[in-house]
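In: One predicted model, sequence on top.
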Amino acid sequence: MRQVWITRYGGPEVLQVRTAPDPEPDVGEVRIRVAGAGVNFADLSARAGMYPDAPPPPMVVGYEVAGTIDAVGAGVDRLQTGDRVLAITRFGGYSDVVTVPEIQAAVVPPGADLVQAAGLPVAYLTAYLMLNRLGSVRFGDTVLIHSAGGGVGLAALQLARSLGAVTIGTASAKKHPRLKELGLDHAIDYRTADFEHEVLRITKDRGVQVVLDAQGGTSFRKSYRCLAPMGRLFCFGLASANASTRSQAWRTLPKALVTTPVFHPMQLMNANKGVFGVNLGHLWDQGPMIGEILGELGEMWAQGTIEPIIDSTYGFERADAAHLQIDQARNFGKVILVP
């Protein structure tokens, strides 16, 4: 098999294609010939040496793939050879062959594109957990989505619209026209406008029911102030500390941490607000739940309720360009590696 390795901590130039023997599926596992592997912020953080969950280099990262099953291990009874599936991987996704527990894979809708399917697992699982499971978004609620043009942002936009919510999204101005085409009700250019002021203007000072924020730092504080009574803030990243290299990260991380607010229980009780943390990478022991939601998302795609939006695809040899596309915030939707 071919894999993209992080050979050492550093910029995109440290990514290198290497070969290794194909893995064999263990008990309860399926083996997938990969058509596409999703690229996520966590991968960039691991490359920069700022993702504590990642193994030390040299390593292969990657949390999501889609492809065709070509072998199954003992005890597999739901899936079979030839099934077209999408799956969550605990690292190792930057490969043209992967093995995963059967519970972490779901059948792709008939006729759906496998490369497109690789853009579903991480973004839509994350958004679904925040909006559908924990957020309990109801018809008529207002949802603020930061980085609305990114993978999770677009997934959240589609899911929020399916729930009948009013949507407000932050994104650079060049992304606003397409976001409006996809149904975003209110767009805010975070580069030229204060999103807190704009949200309160749009809602006539009532605030919003849910905020999805992966920026961190002062953004968490301002997002919290945007909440209406009974509102819920979801923190699922720290993009304000993002950097291309470890040395750069050590300059951006302290500021992001110092400016991140601490929410005291008494403060939350008196304000009737909630703050949630979501980290999909820490839910590996929740396999049945992950499998259940992946199945639900597959059905929603088949029904036309959601559809992964792909920004661009890159061959393994151009993995550095794929990382730069996300690192420089040029992407609208998911970036996919294609073996």
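Out: Sure, I can see it.
In: quick one, helices of the stretch 51-200 of the chain?
Out: Assigned by DSSP state H, counting those that start in this stretch, the helices in the stretch 51-200 of the chain fall at 114-117, 121-128, 151-162, 176-181, 195-202.
In: Not counting the longest one itself, show me its contacts.
Out: Think helix 151-162. 38, 40, 119-120, 122-124, 126-128, 130-132, 137, 143, 145-148, 167, 169, 171, 179, 182-184, 212, 214, 236, 300, 305-309, 331-334 (Cβ atoms under 8 Å, 6 or more residues apart in numbering). Every C-beta, even on glycine, is put in place using the N, C-alpha and C of the backbone.
In: elements contacting the one helix or strand residue 43 maps to?
Out: Using DSSP states H and E, residue 43 sits within helix 41-48. Packing contacts for helix 41-48, counted by 3 or more Cβ pairs under 8 Å, 6 or more residues apart in numbering; DSSP states H and E, involve helix 246-258, helix 319-327.
In: Sheet-wise, list the partners of the following helix or strand past the last one with their directions.
Out: Beyond helix 319-327 in the direction of the C-terminus, DSSP H and E gives the next helix or strand as strand 334-338. For strand 334-338, sheet partners with direction are given as strand 29-39 (antiparallel), strand 310-315 (parallel), following DSSP bridges.
In: need those in JSON lines with distance to residue 265, mean neighbour count and mean pLDDT, can you?
Out: Converted to JSON lines, the strands paired with strand 334-338 look like this (distance: least, Cβ to Cβ, whole Å; neighbours: other Cβ atoms under 10 Å; pLDDT from 0 to 100):
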{"stretch": "strand 29-39", "distance to residue 265": "36", "mean neighbour count": "25", "mean pLDDT": "98"}
{"stretch": "strand 310-315", "distance to residue 265": "40", "mean neighbour count": "18", "mean pLDDT": "98"}
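In: Mind putting those into a markdown table with distance to residue 281?
Out: Below are these laid out as a markdown table (distance: least, Cβ to Cβ, whole Å):
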| stretch | distance to residue 281 |
| --- | --- |
| strand 29-39 | 13 |
| strand 310-315 | 22 |
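In: Quick one: closest of those strands to residue 71.
Out: Of all the strands paired with strand 334-338, the one in closest proximity to residue 71, counting by Cβ to Cβ, is strand 29-39 (4.1 Å).
In: what angle do that closest one and helix 319-327 make?
Out: On the basis of axes from the mean of the first three to the mean of the last three Cα atoms, to 10 degrees, strand 29-39 is oriented at 60 degrees to helix 319-327.
In: Put the alpha carbons of the helix holding residue 43 into CSV.
Out: Written as CSV, here are the backbone C-alpha positions of helix 41-48 (Å, rounded to 0.1, in the frame of the first residue of the first chain):
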residue,chain,number,x,y,z
PHE,A,41,-7.3,20.7,10.9
ALA,A,42,-6.2,18.0,13.4
ASP,A,43,-3.9,16.6,10.7
LEU,A,44,-2.2,20.0,10.3
SER,A,45,-1.8,20.3,14.0
ALA,A,46,-0.2,16.9,14.2
ARG,A,47,2.2,17.8,11.5
ALA,A,48,3.2,21.0,13.4
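In: between it and helix 319-327, how many degrees?
Out: 120 degrees.
In: sorry, back to before: out of the helices and strands packed on helix 41-48, which is closest to residue 23?
Out: Checked against Cβ to Cβ, the stretch from the helices and strands packed on helix 41-48 lying closest is helix 319-327, at 20.0 Å.
In: Residues contacting that closest one, please?
Out: 4, 12-13, 15, 17, 39-41, 43-44, 47, 94, 242, 244, 311-312, 314, 331, 335-337.
In: what about the strands in the stretch 151-300 of the chain?
Out: Assigned by DSSP state E, counting those that start in this stretch, the strands in the stretch 151-300 of the chain fall at 166-170, 186-188, 208-213, 227-235, 274-277.
In: Go through those and pick out the most buried.
Out: strand 208-213 (a mean of 26; mean count of other Cβ atoms under 10 Å).
In: State the separation between it and the centre of the chain it belongs to.
Out: Centroid separation between strand 208-213 and its chain, computed with Cα atoms, centre = their mean, to the nearest Å, is 16 Å.
In: helices or strands up against that strand?
Out: Using 3+ Cβ pairs under 8 Å, 6+ apart, strand 208-213 sits against strand 142-145, helix 151-162, helix 218-225, strand 227-235.
In: Show me what the last one is packed up against.
Out: When you say that, I think you mean strand 227-235. Right, strand 227-235 is packed against strand 208-213, helix 218-225, strand 274-277 by 3+ Cβ pairs under 8 Å, 6+ apart.
In: May I have the distance across stretch 148-168, first residue to last?
Out: End-to-end distance for stretch 148-168: 9 Å, by Cα to Cα, to the nearest Å.
In: Ok, stretch 322-331 next?
Out: 10 Å.
In: Good, we can wrap up now.
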